[in-house]
Every structure is written in C-alpha cells, then in structure tokens.
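[1] No sequence on hand, only this structure:
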C-alpha cells in the first residue's frame, strides 16, 4: 500500500510539474443556480441576481448576471480590484462619485477602476441587465456604502 | 505655483490613502471594437472574436466574445489561471484531454481549471457563441498547442 501511495504521489507531482491539471472541467447548467433578490441593504427597487461563477483559487475572478427593473439601482459601492460590466439587455445608467450619469446600452462594456465609488442600475423607464465581473482581494470583492437617494438618482 | 502643485499632490495622496480612485469610469460602446478572425494557427474553421475588455492592472482579468460557425473549434490549449466560458448563444462542445466531449448550451457556464489541456467550439451542425474570461499570469493568459484533428473532433 505504501508503495502504491508513493507511486500515486509521484504521478501527481509529475502532473503538476508538467502543467497538467488534476481537476476536471465543470459545466454548470443553465437554470441550475437559483436566482436571488438583490438585498435591500445594497439595492433600491427590484433587482434579480443570477450567480454565474465563483472564484476558484488561484483564480480570483467571480461573475454574476444582474437584472434591474425600471428605477432599480445598486447602492454606492467600490471594488478593491475594479469591476467590468457587460450590458446584455436594455438601457441603464452608471455614475461615479462627483461625475456625470452615463447611459449604457446592450453591448456596451464598462470598466470601473479599483476604489472608484459608483453605482449602476436601470433608467427610470427601462430595465437593464448586465454581467458583472470582479476579482477578490483579501477575501473581498465589493465594499458597500450608502444607498443612492432619489435626488441623486434623478439628477 | 509650487504651493498649488504641493496642494494637488497632497490631495492625490489623500485620495489614494482613502481608497478613492483617480481613474474615471470607462464606457466602451457596442460596435466600437472591431471583430477579428480567429487566427488559423489557433483555430479550425470560421471563428469570429469580438474583444470585450483587457486587463487593467492591478486587475488581471481579460474577456472576449467568440463565435464559432458549425464545425469550428479552438486548438488544444491551456490557461495558466483557468478560464470561464459563459455560453450566450447556440450549442457547442468542450473536451478536456482524455475526457468525454460535453455538450454546452446557451446559459451554461464552464470552468476550465488552470493547466487543463482542452478545446471548445461549435458542434458540426450548430453555431456557438461564448464569452471567455481568463486571468493573466506573468504576462500570459493562454498557451496554444496542436490543432484538434477531424478524428479527435468527431469522436
């Protein structure tokens, strides 16, 4: 038995050294991950979050699909390593702290730099869906702040 | 002038220390990044690559949308920190070295572990489009290998 264990260990080390992975490809089927509501502490209005993937170390990237009903938006927040949004449907708004509100539409790609305080969401009259991709740093990929008031949203 | 410069520098350092970003949000408009053909060294058949975003340090994640016509596929390859595929249209195949060919369909999410030798593409009769997300390690996010032969593809 000890000889077998040693042989297996050698094979594993060999596989690691050759750059081959001992992990298998994982296919997560459409519809197999339940949607959840965007929690009211971090979102205003009706928001649906569909998880896509979590970071598997040494990868540190996570992603989800977020759908905002008209008027819905995130709270103000930052990401330690930034965030990419790929707008997959509808029309929405994104704003950085102190900056103009920018309209974003299906097919647009948005880069939010690390530490940039911002919010994103739907317009008052249209839904917006985006894929959101962000990396973990020290176990965190978002830092939530105060909600976006109606005055801030409508301005 | 020197006083003004010193004040500005202090403000910048203060912003950096408080975790606020001096970079602005960037919106890349749909259609503003030209499509390119998947190069024949790394792909078989007709493949269209639409760049989505590049890694902006300290972020190390890049992403693109790839469309495979029926019969088209990548060559065998690995990713140093793995790869996530989000199938956005059609039906395709993914296979790891020595493993079964798995069918993937719109809405499915595929995780390919670091160093796992694999290929992905369309089925012989249907197109497939996915968003591909991968992280850079030491300046590389992919390691291309030999092409997938017709025998390997059809098996």
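    That came through, no problem. Just so we're clear, the structure is a prediction, and the values are computed from it rather than from any experiment.
[2] Which strand runs longest in chain A?
    Longest strand in chain A by number of residues (criterion: DSSP state E): strand A:83-96.
[3] Would stretch A:74-89 count as contacting chain B?
    Yes. Using C-beta under 8 Å from any C-beta of the partner chain, stretch A:74-89 reaches chain B at A:78, A:81-82, A:84, A:86-88. Using the backbone N, CA and C atoms, a C-beta is placed for each residue, glycine as well.
[4] got the end-to-end distance for that stretch?
    One end of stretch A:74-89 sits 17 Å from the other (C-alpha to C-alpha, to the nearest Å).
[5] List the buried residues for that stretch?
    A:74-88 (16 or more other C-beta atoms under 10 Å in any protein chain shown).
[6] now, the most widely separated pair of those residues?
    Across those, the longest distance by C-beta to C-beta is 24.5 Å; it joins A:80 and A:88.
[7] What are the contacting residues of stretch A:88-99?
    With contact meaning C-beta atoms under 8 Å, 6 or more residues apart in numbering or on different chains, stretch A:88-99 is reached by A:65, A:67-68, A:73, A:76, A:85, A:101-106, A:110, A:112, A:116-123, A:126-131, B:20, B:24-25, B:27, B:88.
[8] Out of those residues, list just those in strands.
    Counting by DSSP E, the contacts of stretch A:88-99 contribute A:65, A:67-68, A:73, A:85, A:101-105, A:110, A:112, A:118-122, A:128-131, B:27, B:88 to strands.
[9] List buried residues within the residues you listed.
    A:65, A:67-68, A:73, A:85, A:101-102, A:104, A:110, A:112, A:118-122, A:128-131, B:27, B:88.
[10] what bits of chain A have low per-residue confidence?
    A:1-22 (pLDDT under 70).
[11] change it to 50
    By pLDDT under 50, the low-scoring segments of chain A are A:1-2, A:4-19.
[12] mind pulling up the phi and psi values for residue A:58?
    phi -80, psi 0 (degrees, to the nearest 10).
[13] Correct me if wrong: it contacts residue B:113.
    No. In this structure residue A:58 lies outside contact range of residue B:113 using C-beta atoms under 8 Å: 10.1 Å.
[14] So for the two, which residue has more residues nearby?
    residue B:113 (20 against 11; other C-beta atoms under 10 Å in any protein chain shown).
[15] Need the distance between the two termini of stretch A:117-130.
    End-to-end distance of stretch A:117-130 (C-alpha to C-alpha): 18 Å.
[16] Quick one: residues in contact with it.
    By C-beta under 8 Å, 6+ apart, stretch A:117-130 touches A:44-45, A:47, A:65-78, A:85-97, A:103-104, A:110, A:112, A:145, A:148, A:153-154, B:20, B:25.
[17] Stretch A:135-144 too?
    Applying C-beta under 8 Å, 6+ apart, the contact partners of stretch A:135-144 are A:41-42, A:55, A:60-62, A:75-82, A:134, B:19, B:59-61, B:135.
[18] hmm, back to that, make TSV out of the residues of stretch A:74-89 next to chain B and add distance to residue A:140.
    Shown next, in TSV, are these (distance: C-beta to C-beta, whole Å):
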residue	distance to residue A:140
A:78	10
A:81	10
A:82	13
A:84	17
A:86	22
A:87	25
A:88	25
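[19] quick check, nearest of those to residue B:37?
    Using C-beta to C-beta, those come closest to residue B:37 at residue A:86, 21.8 Å.
[20] these two touch, right, that closest one and residue B:51?
    No. Contact criterion C-beta under 8 Å: residue A:86 and residue B:51 do not qualify, at 11.8 Å.
[21] how much space between residue A:50 and chain B?
    Counting by C-beta to the nearest C-beta, to the nearest Å, the gap from residue A:50 to chain B is 9 Å.
[22] Would you confirm that that residue contacts residue A:32?
    No. Contact between residue A:50 and residue A:32 fails when scored by C-beta under 8 Å: they sit 10.9 Å apart.
[23] Looking at the two, which has the bigger crowd around it?
    residue A:50 (17 against 10).
[24] Does the more buried one lie in a helix or a strand, and which?
    strand A:47-53 (DSSP states H and E).
[25] And that strand, what's buried?
    Using 16+ other C-beta under 10 Å as the test for burial, strand A:47-53 gives A:47-50, A:52-53.
[26] by contact count, what packs against that strand?
    Strand A:47-53 sits against strand A:36-37, strand A:61-68, strand B:83-96, strand B:109-112, with contacts defined as 3 or more C-beta pairs under 8 Å, 6 or more residues apart in numbering or on different chains; DSSP states H and E.
[27] I'd like those strands as a markdown table, with distance to residue A:139 appended.
    Output for the helices and strands packed on strand A:47-53, formatted as a markdown table (distance: least, C-beta to C-beta, whole Å):
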| stretch | distance to residue A:139 |
| --- | --- |
| strand A:36-37 | 21 |
| strand A:61-68 | 12 |
| strand B:83-96 | 20 |
| strand B:109-112 | 20 |
